[in-house]
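1. No sequence on hand, only this structure:
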Ligand SMILES: NC(=O)C1=CN([C@@H]2O[C@H](COP(=O)(O)OP(=O)(O)OC[C@H]3O[C@@H](n4cnc5c(N)ncnc54)[C@H](O)[C@@H]3O)[C@@H](O)[C@H]2O)C=CC1
Ligand SMILES: O=C(CO)COP(=O)(O)O
């Protein structure tokens with residue numbers, strides 16, 4: 001089953017936000033045509049007029065369109081990069097134009113909830129069967145078989161500014177990894193491969209929780225020692241949750257795990273870190289979300305993991321404490337005082 005992509009064949013990107021634009025710009029360096037899908041004709045017109053998208057300049061090889069059929073029919077390889085909350089509805093719209101020869105490599109770092117919240121109660125608590133990664137959504141909603149993800153320390157602003165970086169393309173199919181490498185790799189953007197698709201997806205999703213917490217430490221000015229303590233305990237928590245959800249520990253030690261955790265937990269460019277920082281400065285979560293133009297996936301992920309941890313009996317003190325902060329049951333200061341008293345188990349019990 002060979003991919004039909006040639007350098008003349010356009011490559012598709014769905015989602016003209018911060019990361020969709022950054023991915024389009026990388027693709028445009030090696031590919032003569034990149035089709036970037038934005039939802040409305042107005043947005044397409046605005047981007048075309050300025051040749052800017054989400055605050056990033058866009059490469060001349062990028063054609064912006066609001067025609068999904070055109071993207072599906074023109075491209076063999078498509079990179080969906082929309083927030084997790086919109087991913088399933090986007091896939092339902094795209095699916096009629098997808099065929100089994102398509103390859104989809106998504107860049108989304110969040111979960112899909114595949115159940116009506118009203119149906120969740122004590123008898124039927126939230127479980128893994130109600131929660132999907134985006135590769136699972138793609139397979140459920142379309143005829144596409146060859147699915148992958150990209151994840152790693154990939155702050156969109158830095159990528160569009162052409163700073164050096166690397167990512168992991170993960171898929172059960174070596175061909176998908178090869179195609180991803182061929183399309184994306186350039187002399188300052190390295191691509192690693194992994195067959196642990198779920199593990200790599202979970203890394204990108206779970207590190208957002210820890211990035212929110214790291215932002216609270218920066219906001220409280222608790223210092224670098226405290227942040228390092230928090231992030232290293234956070235990594236252990238990510239592994240415990242990841243294992244309960246079907247991942248394995250190795251993925252969390254990769255570029256997509258510890259690498260992305262560091263980039264996101266130490267940067268003002270991270271929206272999740274920024275949420276934590278602003279919480280520590282006294283804003284409420286509602287105020288922060290209402291004023292943010294871009295998605296911070298970690299907030300939704302904290303809610304989901306908090307519930308799953310209870311279902312599976314996994315000890316997740318960081319997630320549970322951040323959940324209480326978001327629900328206004330605890331201040332950020334109280335949260336950190338509580339975590340300092342928490343009886344953590346053996347220092348290294350994850351590998
Ligand atoms: N910004 C970053 O540095 C990185 C973001 N990501 C992940 O990428 C995903 C998207 O993030 P950003 O691009 O930063 O978000 P963003 O908030 O900047 O943009 C999201 C874009 O998706 C579009 N969109 C929403 N629903 C859509 C639909 N049904 N069809 C087409 N477009 C739709 C929105 O109009 C918006 O332009 C998130 O899951 C995020 O975690 C991953 C790596 C880096
Ligand atoms: O995942 C990211 C960088 O790898 C971006 O993180 P934020 O969504 O927190 O901005």
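-> The structure has been received and is ready for your questions. Just so it is clear, the model here is predicted, and its values are computed rather than measured. Ligands and ions are numbered 1, 2, ... in the order given.

2. how far away is residue 285 from ligand 2?
-> 15 Å (Cβ to the nearest ligand atom, to the nearest Å). The way it works is simple: take the backbone N, C-alpha and C, and place the C-beta from them, glycine included.

3. quick one, phi psi at the residue lying closest to that residue once chain neighbours are set aside?
-> Spatial nearest neighbour of residue 285, excluding adjacent residues (Cβ to Cβ, 6 or more residues apart in numbering): residue 326 at 5.0 Å. Dihedral angles phi and psi of residue 326 (degrees, to the nearest 10) take the values phi -60, psi -40.

4. Make sure residue 326 is actually in contact with residue 299.
-> Yes: between residue 326 and residue 299 there is a contact under Cβ atoms under 8 Å: 6.6 Å.

5. Which residue is the nearest non-sequential neighbour of the most centrally placed residue in the chain?
-> In the chain, the centroid-proximal residue (Cα atoms, centre = their mean) is residue 109; its distance is 1.6 Å. With sequence-adjacent residues excluded and distances taken as Cβ to Cβ, 6+ apart, residue 109 is closest to residue 204, at 3.8 Å.

6. how about that neighbour, secondary structure?
-> helix (DSSP: H, G, I helix; E, B strand; the rest coil).

7. For it, give its distance to ligand 2.
-> 6 Å.

8. ok, that residue - contacts?
-> 109, 149, 151-152, 256, 260 (Cβ atoms under 8 Å, 6 or more residues apart in numbering).

9. of the residues you listed, closest to residue 286?
-> Using Cβ to Cβ, residue 109 is the member of the contacts of residue 204 that sits closest to residue 286, with 22.4 Å.

10. Can you tell me the element that closest one falls in?
-> Here residue 109, judged by DSSP states H and E, is contained in no helix and no strand.

11. Was I right to think it contacts residue 150?
-> No: with contact defined as Cβ under 8 Å, residue 109 does not count as touching residue 150 (10.1 Å).

12. For the stretch 201-350 of the chain, what lies in contact range of ligand 1?
-> Counting by Cβ under 6 Å from any ligand atom, the stretch 201-350 of the chain comes close to ligand 1 at 294-295, 297.

13. same thing but at 8 Å, please
-> Selection of the stretch 201-350 of the chain residues close to ligand 1 by Cβ under 8 Å from any ligand atom yields 204, 208, 269-271, 293-295, 297.

14. Tell me, how many residues neighbour the spatially closest residue to residue 74 that is not a sequence neighbour?
-> Leaving aside its chain neighbours, residue 74 sits nearest to residue 10 (5.0 Å; criterion: Cβ to Cβ, 6+ apart). Neighbour count of residue 10, defined by other Cβ atoms under 10 Å: 23.

15. what's near enough to touch residue 10?
-> 31, 33-35, 63, 74-75.

16. From the residues you listed, which land in helices?
-> Among the contacts of residue 10, DSSP state H puts residue 74 in helices.

17. List just the nearest of the contacts of residue 10 to residue 339.
-> For the contacts of residue 10, the nearest to residue 339 is residue 34 (44.3 Å; Cβ to Cβ).

18. What's the per-residue pLDDT of that closest one here?
-> Predicted confidence (pLDDT) for residue 34: 98.

19. distance of it from ligand 2?
-> On the measure of Cβ to the nearest ligand atom, residue 34 and ligand 2 end up 21 Å apart.

20. Enumerate the beta-bridge partners assigned to that residue.
-> Beta bridges link residue 34 to residue 11, residue 62 when assigned by DSSP bridges.

21. Looks like it contacts residue 62 (just checking).
-> Yes: the pair residue 34 / residue 62 is scored as a contact, 4.8 Å apart, by Cβ under 8 Å.
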